[in-house]
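Visitor: Structural data only, the sequence is not supplied:
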Ligand SMILES: Cc1cc2nc3c(=O)[nH]c(=O)nc-3n(C[C@H](O)[C@H](O)[C@H](O)COP(=O)(O)O)c2cc1C
Ligand SMILES: CC(C)CC(=O)C(=O)O
């Protein structure tokens, strides 16, 4: 694996090399290409968002309201984008956001994603709703860094079992998604009456779990499949959870924990008070509360509230290296990228995901260097103006 900026030279000198020939390097173009490759239902599920999709659009527009102010003559010959977040060293401040049901995009789903991520050294955050069991994905990812994302089920024994399995399979940090205890009003999926889970996609971690199996009377077979799906529906999320419940997670997970879906500074402060190690400023890519604040607009106040006490991560709308640089300048330690790698997966499997990650990493490094910056820690509000 060559250094990120060398990827640019490799493309000019040799074409796209081991990345997928013909895949654009402007990642904003992937969505339209993926639409041509996927069923209308799968595309609608991935590209879609809540309600009128105003928040999904706002996520993108927010980046345009900030502009980078490049600085000159600062010796940027030596660059190092590596950071450590929640105990995990990574070559650049970029992680793969948890995306469930990836086999609707490509038959190899999360296995291909884990292989591609391991090749770059960027951490993958595996969804509880993955199409392959977490142990299989861990095996595919080998030595690559991996975190586990929990959808906190109603059944506490099932939650503990998922955490125990994740720890045993080498997932080192826990991401607890708070904003999706139930799916939002998503017109594209409603209009097509489409939910991957009801077709048995995204339930692998549940169906393979001993606590889940006990609850449905044994391993899931054709005979009890419908009952198992109903049990999944009844258990998936828990709207009754409160801040007090976080003590339970602390008790059952001894590694770092980050809360995903934080948008208000008071919630970020509560995360610190609850002994959490990080927050992820996110509106789930606009998929949950239509009309919610753009994620980038929520970031500065959260970063301010938290200071250096715990890690602040960011997602929702990152499509370019410049987007990542802006989020870092506004207070994020690292960004998560979502849909772009999902489209890479749809268009080229493992090579498609690798292409997206290498492009994003290279573009971030070049953007920073040309702006006079050699390290992520140098990105701060001084680097930006309101556009
Ligand atoms: C198809 C799809 C599935 C997702 N599944 C999950 C999931 O299982 N768990 C989770 O925490 N977030 C999930 N997300 C949200 C992402 O982790 C992330 O917050 C979002 O995609 C970021 O926005 P972006 O797509 O604009 O980069 C999903 C997003 C998409 C598009
Ligand atoms: C509800 C999940 C299982 C998947 C998800 O997070 C999403 O579709 O946004």
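Guide: Looks like it arrived, so ask away. In this text the structure is predicted, and so the values were computed from the model without any measurement. Ligands and ions are numbered 1, 2, ... in the order given.
Visitor: need the residues of the stretch 201-350 of the chain near ligand 1, please.
Guide: The stretch 201-350 of the chain comes close to ligand 1 at residues 260, 282, 284-285, 315-318, 337-339, 342, as judged by Cβ under 6 Å from any ligand atom. The way it works is simple: take the backbone N, C-alpha and C, and place the C-beta from them, glycine included.
Visitor: ok, of these, which come out buried?
Guide: 260, 282, 284-285, 315-318, 337-339, 342 (16 or more other Cβ atoms under 10 Å).
Visitor: mind giving me TSV with these and columns for pLDDT?
Guide: Output for these, formatted as TSV (pLDDT from 0 to 100):
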residue	pLDDT
260	99
282	99
284	99
285	99
315	99
316	99
317	99
318	99
337	99
338	99
339	99
342	98
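Visitor: ok, so of the residues you listed, who is nearest ligand 2?
Guide: residue 284 (5.7 Å; Cβ to the nearest ligand atom).
Visitor: and the closest one, what is it in contact with?
Guide: Residue 284 makes contacts with 177, 179-180, 261, 316, as judged by Cβ atoms under 8 Å, 6 or more residues apart in numbering.
Visitor: rerun that using 10 Å as the cut-off
Guide: Neighbour list for residue 284: 49-50, 55-56, 97, 177-180, 184, 260-261, 292, 295, 315-316, 338 [criterion: Cβ atoms under 10 Å, 6 or more residues apart in numbering].
Visitor: and if you look at residue 53?
Guide: 47, 186-188, 286-287, 290.
Visitor: Just give the number of residues close to whichever residue of the chain sits closest to ligand 2.
Guide: Using Cβ to the nearest ligand atom, residue 129 is the residue of the chain that sits closest to ligand 2, at 3.5 Å. Per other Cβ atoms under 10 Å, the neighbour tally for residue 129 reads 24.
Visitor: Name the nearest residue to it, sequence neighbours excluded.
Guide: residue 100 (3.0 Å; Cβ to Cβ, 6 or more residues apart in numbering).
Visitor: Go ahead and confirm that neighbour touches residue 127.
Guide: Yes: counting by Cβ atoms under 10 Å, residue 100 does reach residue 127; the two are 4.0 Å apart.
Visitor: Pull up the overlap in contacts between these two.
Guide: Counting by Cβ under 10 Å, 6+ apart, the contacts common to residue 100 and residue 127 are 110, 149, 151, 202, 205.
Visitor: Number of residues surrounding the spatially closest residue to residue 227 that is not a sequence neighbour?
Guide: Distances taken as Cβ to Cβ, 6+ apart put residue 216 closest to residue 227, at 5.7 Å, once the chain neighbours are dropped. Per other Cβ under 10 Å, the neighbour tally for residue 216 reads 19.
Visitor: Let me see the contact set for residue 216.
Guide: 206-207, 224-225, 227-232.
Visitor: Where neighbours are concerned, which of those has the most?
Guide: residue 206 (27 neighbours).
Visitor: that's a strand at it, yeah?
Guide: No: with DSSP: H, G, I helix; E, B strand; the rest coil as the criterion, residue 206 is located in helix rather than a strand.
Visitor: Looking at the contacts of residue 216, which one is closest to residue 159?
Guide: Nearest to residue 159 among those: residue 206, at 11.4 Å, using Cβ to Cβ.
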